[in-house]
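1. Quick one: sequence plus predicted model below, questions after.
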Amino acid sequence: MTSFSKSTGMMKNLSSTATPVAAKRTHHAPPPASAGQQDTWLLEPTEDLRARISNLEFWYGDGTQAIQQLSMPLVDKRVTALIGPSGCGKSTFLRCLNRMHDLYKGVKYAGEITLMPENVNLIELDPMAVRLRVGMVFQKPNPFPKTIYENTIAGLRIRGIKKRAVLDEMAEKSLRQAALWDEVKDRLHQSALSLSGGQQQRLCIARALAVQPDILLLDEPTSALDPIATARIEDLLNELEGQVTILMVTHNMQQAARISNYTAYMYMGQLVEFNETDALFTRPKCQRTEDYISGRFG
Amino acid sequence: MATLNQTISDAQAHASLVRRNKNQDILIAGLGMLILVIAISTLLAMFLDLFITGLPRLQDPDFYLNFPSRKAEEAGILSAWVGTILVMIVTACISVPLGIAAGVYLEEYAGSNWVTDLIEINVTNLAGVPSIVYGLLALGLFIYAFGMSETVLVAGLVLSLLILPVIIVSTREAIRSIPEAYKEAAIGLGADQWQTTYSYILPAARPGIITGAIVGLSRAIGETAPLITIGALTYIAFLPNAPVSGDFPFINFDWVTSPFTVMPIQMFSWVSRPQAEFQINAAAAGVVLMVLTLMMNAIAIYIRYKVRRTD
């Protein structure tokens, strides 16, 4: 595993996909911008965006403001990691994107989450319509107490798809996408609860992928898993790069460095720095980012 | 301070502390065992007494196939057990769907306002209302106000009222015990409230709901007071029309509007006879009723056990 240090060696392994980003990244000239010159830093990516968050604010039902004036882009078909100390609002922000907060009373949003290319504001859309387009994988694996097959196609059933052939095809496709097919193809009709924790989490990813979400949200997807299961999920996320737009909360900076293309550092409900991952970890623009990633704080 | 440190680190003090705690454990366990033995042996003694007293009649197949009679040795419980089963079917058909629906509504749909609070308080209190009061309610409402007669349907209705709170409360408990994660998973996939409830929450809550329903029904099976209050007959020498017949339309619901008697009423009527022979009948009927109730509870336990194993 990549050791975490402020060297170029911690760059994500990009050998599999030779994307323009990868090419561009390797050409970064090393003059380290001395950190601390900027209070906040927001990179404007050159790639296509899937969403743009502008001045997002969020209040819980008890009136506490959890997100303040948060703006950042979300790049199409790339993995974006959200890092920051506990309680900084990473998960809260993530749950704004599929309006999960609307399950609870009295919450309030302001600002815009514009989904591209349609230019719809997710804050103004019906929460249910938002969740039909934005999938989510939770911290703890939460498969339904049903069969593996039924779990995989749960989202399709919710959308009223009944044709067996379609369901079978989508089940196989998304289980393959989630790198779970070979392990479960002979026991699709057994209970999902018979799977190991890591397999359950990959099943949850398959379940989210089956409905081809515009954005896939991952809320610390590996924090309840052992290192081997974690590595498999990370491999999987690396493979999904280029296919799905992913926004992932993680507590683990090495993980962010290993699998994300872009990283956003949040602190106290605000965005401090958004940058390409290796730039953020090797040449942070802000003193606060530098402090956090070098372990001086948090 | 020195003495405190001594106590904390002294091995002898530790030993006596452990001894004291162990003695305490033994005392509590012994007390619990004693209470348990008293409770179980009382029940067992009662059941055995009934069983021994009623044995002559229990061995006689006619006891299960005869109508009540003035002659104790010819009297049977046919109309009583058929009536009990019919009344229980009506009760289950009314109270289970209504109770589950009410529980789901209160847990998943109702807003948190004073109306909901009021309903909640009422439901909880209704579970403690004496059954005779339900009988009076049914007498006033169904018999006098609606002009219904003392039929299987009215009996089912009053017993449904009686056990609705039990089913509502247990449905709510069962739903509440489902991890929020299932709900969020379903909602996160774009499911609406009903899809989430029907496809994901209710199946997961099923064992708890079924257990609650059976506990409610086994309370209903032994109820006498409300049925006597609405005027159930104690002497029935005929059976309602069979629900299934060979002629078109094959299924009929005449039995719903037929007069009835049930096991506890039959028992009550025999117990209140002066002749000693009828006491034997009453004891035998008591055994049958207890076996019926225990069987229902056994089903509830089996369901719970089976589900726990598959988790």
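-> Structure received.
2. Which secondary structure state does the residue in the stretch 201-311 of chain B positioned nearest to chain A sit in?
-> At 5.6 Å from chain A, B:Ala204 is the closest residue in the stretch 201-311 of chain B, using Cβ to the nearest Cβ. The way it works is simple: take the backbone N, C-alpha and C, and place the C-beta from them, glycine included. Secondary structure for B:Ala204, judged by DSSP: H, G, I helix; E, B strand; the rest coil, is helix.
3. where does chain B have low pLDDT?
-> Within chain B, the segments meeting pLDDT under 70 span B:1-7, B:234, B:237, B:241-253, B:307-311.
4. That one against chain A: which residues are in contact?
-> B:112, B:179, B:181-192, B:195, B:199-200, B:203-204, B:310-311 (Cβ under 8 Å from any Cβ of the partner chain).
5. related to what we said a few turns ago, just list the residues touching the residue of the stretch 201-311 of chain B closest to chain A, thanks.
-> Listed by Cβ atoms under 8 Å, 6 or more residues apart in numbering or on different chains, the contact set of B:Ala204 reads A:144-145, B:178, B:182.
6. who wins for neighbours among those?
-> Counting neighbours by other Cβ atoms under 10 Å in any protein chain shown, A:Phe144 comes out on top of the contacts of B:Ala204 with 23 neighbours.
7. check which helix or strand covers that one.
-> Under DSSP states H and E, no helix or strand contains A:Phe144.
8. ok, so of the contacts of B:Ala204, who is nearest B:Ile221?
-> Distances from B:Ile221 to the contacts of B:Ala204, taken as Cβ to Cβ, are shortest for B:Ile178 (29.1 Å).
9. Identify the residue nearest that closest one in space, chain neighbours excluded?
-> Nearest-residue entry for B:Ile178: B:Ala204, 4.9 Å, with adjacent residues in sequence omitted and distances by Cβ to Cβ, 6 or more residues apart in numbering or on different chains.
10. How about B:Trp270?
-> B:Ala282 (4.0 Å).
11. again with A:Ala171
-> Closest to A:Ala171 by Cβ to Cβ, 6+ apart is A:Thr152, at 4.5 Å.
12. give the contact list for that neighbour.
-> A:170-171, A:174-175, A:203, A:206-207, A:210.
13. Which residues are in contact with the closest residue to chain A within the stretch 1-150 of chain B?
-> In the stretch 1-150 of chain B, the residue that lies nearest chain A is B:Ser112 (7.5 Å; Cβ to the nearest Cβ). Contacts for B:Ser112 (Cβ under 8 Å, 6+ apart) come out as A:Lys105.
14. For it, which three-state class applies?
-> Under three-state DSSP, B:Ser112 comes out as coil.
15. Tell me who's in contact with the residue nearest to B:Ile236 when sequence neighbours are not counted.
-> Nearest residue to B:Ile236, sequence neighbours excluded (Cβ to Cβ, 6+ apart): B:Ser79, at 4.2 Å. Taking Cβ under 8 Å, 6+ apart as the criterion, B:Ser79 is in contact with B:67-68, B:236-239, B:260-261, B:266.
16. Write the ChimeraX selection for whichever of those residues are buried.
-> Those of the contacts of B:Ser79 that count as buried under 16 or more other Cβ atoms under 10 Å in any protein chain shown are selected in ChimeraX with:
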select /B:67,68,236,260,261,266
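17. interface residues of chain A facing chain B?
-> A:98, A:100, A:103, A:105, A:128, A:131-132, A:135-136, A:138, A:140, A:142-146, A:154-155, A:157-159, A:191, A:193, A:204, A:207-208, A:211.
18. okay, now the domains of chain B?
-> For chain B, automatic domain parsing gives the domain ranges B:2-53, B:61-310.
19. Now these in CSV, please, with extra columns for distance to A:Leu42.
-> Shown next, in CSV, are those (distance: least, Cβ to Cβ, whole Å):
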stretch, distance to A:Leu42
domain B:2-53, 57
domain B:61-310, 28
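20. Would you map the strands across the stretch 1-150 of chain A?
-> A:41-42, A:49-59, A:65-75, A:79-83, A:108-115, A:120-121, A:134-137 (DSSP state E, counting those that start in this stretch).
21. least reliable of the ones you listed going by mean pLDDT?
-> Ranked by mean pLDDT, the strands of the stretch 1-150 of chain A end with strand A:41-42 in last place, scoring a mean of 82.
22. Show residues contacting it.
-> The contact list for strand A:41-42 (Cβ under 8 Å, 6+ apart) reads A:71-72, A:271-275, A:285-286, A:289.
23. now do 6 Å
-> A:273-274, A:285-286 (Cβ atoms under 6 Å, 6 or more residues apart in numbering or on different chains).
24. Which of those residues fall within strands?
-> Taking DSSP state E as the definition of strands, the contacts of strand A:41-42 contribute A:273-274.
25. Most neighbours among the contacts of strand A:41-42, which one?
-> Most surrounded of the contacts of strand A:41-42: other Cβ under 10 Å gives A:Glu273, at 28 neighbours.
26. Show me the beta-bridge partners of that residue.
-> With DSSP bridges as the criterion, A:Glu273 is bridged to A:Trp41, A:Tyr265.
27. and it, what is it in contact with?
-> A:41, A:265, A:285-286, A:289.
28. again, 8 Å this time
-> Residues in contact with A:Glu273 (Cβ under 8 Å, 6+ apart) are A:38, A:40-42, A:264-265, A:280, A:284-286, A:288-289.
29. What segments of chain B are helices?
-> Under the criterion DSSP state H, chain B contains helices at B:2-9, B:11-58, B:61-65, B:78-104, B:114-126, B:131-138, B:152-176, B:180-188, B:193-195, B:202-221, B:225-229, B:263-271, B:276-310.
30. And those: which comes nearest A:Glu234?
-> Across the helices of chain B, A:Glu234 has its closest neighbour in helix B:180-188 (21.8 Å, Cβ to Cβ).
31. Pull out the buried residues from the closest one.
-> Buried-residue list, helix B:180-188, by 16+ other Cβ under 10 Å: B:181-188.
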